[in-house]
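Student: Sharing a model that was predicted from the sequence below.
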Amino acid sequence: MKYQSSAKNDRGEQGVSDLTASNAQAGHARATEYAATMRAAMSDSSYKLPEASLRLPFDSVLYEKSRVLAAKLAGPKLNYVVTIGIGGSNLGTKAVYEAIFGTLDAHSPFAPKMLFADTCSPEILSDITEILVNEIISPEELIIVVASKSGTTTETIVNASVLITALEQKLGSLSSRIVCITDEGSVLWQTGEKQGFHLLPIPKMVGGRYSVFSPVGIFPLLCVGLEVDRMLKGAQEAVHDSVERGVESNAYRAAEDVLAWNENGALVFDMFLFQPEFESLGKWYRQLFAESLGKETAKNGTSTTHRMIPTVSIGSTDLHSAEQMHLAFPSLVARTLVRVNAPHWEHEFLASDRVFAPLVPGLAGRAPCHIMDAIYEGVKEAYRTRGVQFAEIELPDLTLESLGALLQFEMCMVMHLANLLNINAFDQPNVETYKEATRRILGGK
């Protein structure tokens, strides 16, 4: 994975943020100290530190639990893996699945497929239930994953209740096909023990938005046949880069860039993904950024001064929707462009007809990937002209190893940025407000 920033240092080198000298010096000192904390978390099998998620790509014991259970349940008859979860218990898994299998996998013949039940929408629940009830004949064709770190997530529990009730009316007991992934000892864990469900743990110190390399992501992806060890290899390399290279690492440089852009007036931080298959990855990034950095108080109790809003765009689609606003107010928006250097698969499609191709000069005889290359270069030229602050992330290919590296890079970048801002990247106190109100309303109080 290659990271490059439009910012330049006083030597004219790209990839170094234009921070003030005093801020940069203080940031480097803080980052050097923080690298020792990250290294300790990477090596700590007890998961005691807030940065405990850095241990996940290296945890062979936890990985083996997922692999053994997936091998047991994902037999030749398996057609569907239903993942019931929301937020951090869903987005990372969905991001990897859609990146590899594409957004039109429902129309392709491969099996097993993965279905995602997140928000408790009656329409979505009805559609998923109809698909499964009409197509599933025996329990062996199905694995149901119920993922909730707390074990009491309202949307997840109601979705599990509705879907499993409907399916058991046709198939009988599904206890041997249900896997609960949650904190060990949670209410969901205790219920799973009583009901004879399969159980996989999330380390208690690992928050949902950092849990993609825990069983939350590993188990369901193994069930649909992905070589998850390759994804973990990419993540390991990103952790090593962040820990061993410190202020020279891609993750720290990216954090420093975000901080510099914010100091220059940027309020909106957009991940601009030039792969339609990456849309869920963008939503995963948005949660990671917002929940980790959207804090009103610093660690020392003082009010924070940074204001950062994460957004997601898809190229080239959103060049025809929101780009006017971005270019009209270039100082308010900073963007990270993400693209894959090589196409996902080879094709021979060319714009070669005599009716449509001549309508755009230079189009005839070109492949779609060549057109996208020209659009991408055009975007960068426009940004330089308009003064938009941006960076680029280039993946060598669309593989599990590259995806693992990208996901872990973003998590390390957010940790570094929170450290520079002196805020807690691992709590989310305000999210509980709506949850408490929801439980009160449901309880009739």
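Tutor: Yes, it's here. Numbers count the residues shown, from 1 in each chain.
Student: now the helices for the stretch 251-400 of the chain?
Tutor: 279-293, 323-328, 368-386, 400-421 (DSSP state H, counting those that start in this stretch).
Student: got JSON lines for those helices, with mean pLDDT, mean neighbour count and distance to S5 too?
Tutor: To be clear about C-beta, it is placed using only N, CA and C from the backbone, and glycine gets the same treatment. Below are the helices of the stretch 251-400 of the chain laid out as JSON lines (pLDDT from 0 to 100; neighbours: other Cβ atoms under 10 Å; distance: least, Cβ to Cβ, whole Å):
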{"stretch": "helix 279-293", "mean pLDDT": "97", "mean neighbour count": "22", "distance to S5": "17"}
{"stretch": "helix 323-328", "mean pLDDT": "92", "mean neighbour count": "14", "distance to S5": "18"}
{"stretch": "helix 368-386", "mean pLDDT": "92", "mean neighbour count": "14", "distance to S5": "12"}
{"stretch": "helix 400-421", "mean pLDDT": "97", "mean neighbour count": "24", "distance to S5": "12"}
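Student: Distance to L104 for the ones you listed - can I get that in JSON lines?
Tutor: Converted to JSON lines, the helices of the stretch 251-400 of the chain look like this (distance: least, Cβ to Cβ, whole Å):
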{"stretch": "helix 279-293", "distance to L104": "13"}
{"stretch": "helix 323-328", "distance to L104": "25"}
{"stretch": "helix 368-386", "distance to L104": "15"}
{"stretch": "helix 400-421", "distance to L104": "19"}
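Student: Tell me which of those sits nearest to T32.
Tutor: helix 400-421 (10.8 Å; Cβ to Cβ).
Student: Mind giving me the packing neighbours of that closest one?
Tutor: helix 21-43, helix 91-101, helix 228-245, helix 250-263, helix 279-293, strand 389-395 (3 or more Cβ pairs under 8 Å, 6 or more residues apart in numbering; DSSP states H and E).
Student: next structured bit after it?
Tutor: Counting by DSSP states H and E, the element after helix 400-421 in chain order, helix or strand, is helix 432-442.
Student: If you count contacts, what does that next one end up packed against?
Tutor: Right, helix 432-442 is packed against helix 154-171 by 3+ Cβ pairs under 8 Å, 6+ apart.
Student: What average pLDDT does the next helix or strand after the helix it packs on get?
Tutor: For helix 154-171, the following helix or strand on the C-terminal side (DSSP H and E) is strand 178-183. For strand 178-183, mean pLDDT is 98.
Student: Can you point out the buried residues in the helix or strand that comes right after strand 178-183?
Tutor: As assigned by DSSP H and E, the chain's next helix or strand after strand 178-183 is helix 187-195. Across helix 187-195, burial judged by 16 or more other Cβ atoms under 10 Å covers 188-189, 192.
Student: Put the alpha carbons of helix 187-195 into PDB.
Tutor: Once non-C-alpha atoms are left out, helix 187-195 reads as follows in PDB (Å, rounded to 0.1, in the frame of the first residue of the first chain):
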ATOM      1  CA  VAL A 187     -26.100 -11.500  28.600                       C
ATOM      2  CA  LEU A 188     -25.900 -12.800  25.000                       C
ATOM      3  CA  TRP A 189     -23.100 -15.100  25.900                       C
ATOM      4  CA  GLN A 190     -25.000 -16.500  28.900                       C
ATOM      5  CA  THR A 191     -28.100 -17.000  26.800                       C
ATOM      6  CA  GLY A 192     -26.000 -18.800  24.200                       C
ATOM      7  CA  GLU A 193     -24.700 -21.200  26.800                       C
ATOM      8  CA  LYS A 194     -28.200 -22.000  28.000                       C
ATOM      9  CA  GLN A 195     -29.500 -22.600  24.500                       C
END
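Student: tell me the angle of it relative to strand 178-183?
Tutor: The directions of helix 187-195 and strand 178-183 differ by 140 degrees, with axes from the mean of the first three to the mean of the last three Cα atoms, to 10 degrees as the criterion.
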